[in-house]
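1. can't give you the sequence, but here's the structure:
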């Protein structure tokens, strides 16, 4: 019999704060983390905006440890891990006695470190590259560095499935716990903002094209791409025996998940079918019907095609009743944080379920014609949510859906 999986702690670093409560408050007040990009030279690029974690200092979260081996991705992940560990009540002594592990999702790892390392080799020669940088050129570096910092002895895995990586990491970690392969795991994602990824997304025509004000508003008729962001979010996942042994607080339960893929990303019907199938499989895994879902955290980020596809997939799953289900899309204020996105969505959803308020979709004053999401709005909505569906969708056809539930203790 599969074990139940519970969320006992949340740690996050984002452009809207470093806790689920801060993130939720910012979303509900429409305080945006998106601003004109001043992190690096963007002259000649179409998009002028980004959602950067300003004034991030790893020392605030990690203390006086040696930070030289950690690049920005590793520092973001390690800081989020520290916050999740503290939030879930794990002490250093308790961690030393258990095989707590880490499953981390990321799209690029540290593309900046990789690029600068290669450039240094080409310009100055192999003798002049930093050994510390070499260790951070592998995509699993952030997961490994975070585990070293926090002395995590359990499984250490990196999931890289594009923008769905963070939610896929939570799904994979959930399966490990459900099957008895682990008792407690940190799971989530990380992504750093850097010139290299920004430049390539801009040249690919995926970023929003407005210079004076951005229009990366999910489901809006004038949307023309997304704003790139950064951040990290990790959840502490535990089975029932672990939380009983520790007397740990429970924030929510992960009830089910599923993954899918649309191999032909230029085929609207096939993409809609893949997203819908993924949501249906997640509902089946959670043993609930679509009618039981109280709200949805959409993956929508301002993409012209994928926002539309997700909306029509939701309508298909909810059999024409999608207009009755409240939908939020937090990337309107957070930007597209890629590997961190799904985990940030889960953190936001857990807080919304606890507070009874679903944040509106900032800037969504009107819906694109014929999108079947009439219950989507820029206004906050009161909810009494027992079950939330979280979607994560990549531009390469990857799809992942997760069902989370309010915790109900059974005797």
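-> Happy to help now that I have it. The structure presented is a predicted model; accordingly, all values stated were derived computationally and were not measured. Residues are numbered from 1 along each chain as shown.
2. if I pick residue 325, what's in contact with it?
-> By Cβ atoms under 8 Å, 6 or more residues apart in numbering, the contact list for residue 325 reads 293, 294, 295, 296, 314, 318, 375. No exception for glycine: its C-beta is placed from N, CA and C like everyone else's.
3. among these, which are located in helices?
-> The members of the contacts of residue 325 that map onto helices under DSSP state H are residue 314.
4. where's the dip in pLDDT among the contacts of residue 325?
-> The member of those with the lowest pLDDT is residue 375, at 80.
5. close enough to count as contact, that residue and residue 315?
-> No: between residue 375 and residue 315 there is no contact under Cβ atoms under 8 Å: 11.5 Å.
6. more crowded one of these two?
-> The neighbour count for residue 375 versus residue 315, taken as other Cβ atoms under 10 Å, is higher for residue 315 (19 against 16).
7. which strands and helices sit next to the lengthiest helix in the chain?
-> If you go by DSSP H, the chain has its longest helix at helix 268-286. If you count contacts as 3 or more Cβ pairs under 8 Å, 6 or more residues apart in numbering; DSSP states H and E, helix 268-286 packs onto strand 252-261, helix 304-317, strand 387-393, strand 398-405.
8. okay, these in TSV with distance to residue 230 next?
-> Output for those, formatted as TSV (distance: least, Cβ to Cβ, whole Å):
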stretch	distance to residue 230
strand 252-261	24
helix 304-317	20
strand 387-393	17
strand 398-405	20
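9. right, and these - which one's nearest residue 76?
-> Distance to residue 76, taken as Cβ to Cβ, is lowest for strand 387-393 among the helices and strands packed on helix 268-286, at 18.7 Å.
10. next one: that closest one to chain centre, how far?
-> 11 Å (Cα atoms, centre = their mean, to the nearest Å).
11. inside strands: which ones of the contacts of residue 325?
-> Judged by DSSP state E, strands contain the following of the contacts of residue 325: 295, 296.
12. and the two most separated of the contacts of residue 325?
-> Largest pairwise distance in the contacts of residue 325, by Cβ to Cβ, is 13.8 Å, between 294 and 314.
13. between those two, who's got more neighbours?
-> Taking neighbours as other Cβ under 10 Å, residue 294 and residue 314 compare with residue 314 leading, 29 against 17.
14. from residue 84, how far off is that one?
-> Distance of residue 314 to residue 84, given as Cβ to Cβ, to the nearest Å: 30 Å.
15. quick one: the helices in the stretch 101-250 of the chain?
-> Assigned by DSSP state H, counting those that start in this stretch, the stretch 101-250 of the chain shows helices spanning 111-124, 131-135, 141-150, 165-178, 195-203, 240-246.
16. among the ones you listed, which comes closest to residue 98?
-> Of those, nearest to residue 98 by Cβ to Cβ is helix 240-246, at 7.9 Å.
17. now do the buried residues in that closest one.
-> Along helix 240-246, these residues count as buried under the neighbour rule (16 or more other Cβ atoms under 10 Å): 240, 242, 243, 246.
18. and it, what does it pack onto?
-> Helices and strands touching helix 240-246, by 3+ Cβ pairs under 8 Å, 6+ apart, are strand 5-13.
19. quick one: strands adjacent to the strand it packs on?
-> According to DSSP bridges, strand 5-13 forms sheet pairs with strand 231-238 (antiparallel), strand 252-261 (antiparallel).
20. run the chain-centre distance for that strand.
-> Its chain's C-alpha centre and that of strand 5-13 lie 12 Å apart, by Cα atoms, centre = their mean.
21. could you do stretch 257-277 as well?
-> Counting by Cα atoms, centre = their mean, stretch 257-277 comes out at 20 Å from the chain centroid.
22. closest one to residue 359 out of the contacts of residue 325, please.
-> Residue 359 has its nearest neighbour among those in residue 295, at 10.4 Å by Cβ to Cβ.
23. tell me how many other residues crowd the spatially closest residue to the closest one that is not a sequence neighbour.
-> Once flanking residues are discounted, residue 295 sits nearest to residue 326: 4.5 Å by Cβ to Cβ, 6 or more residues apart in numbering. Here the number of neighbours of residue 326 (other Cβ under 10 Å) works out to 21.
24. if I pick residue 326, what's in contact with it?
-> Residues in contact with residue 326 (Cβ under 8 Å, 6+ apart) are 294, 295, 296, 358, 375, 376, 381, 383.
25. top of these by neighbour count?
-> In those, the most neighbours by other Cβ under 10 Å go to residue 358, 29 neighbours.
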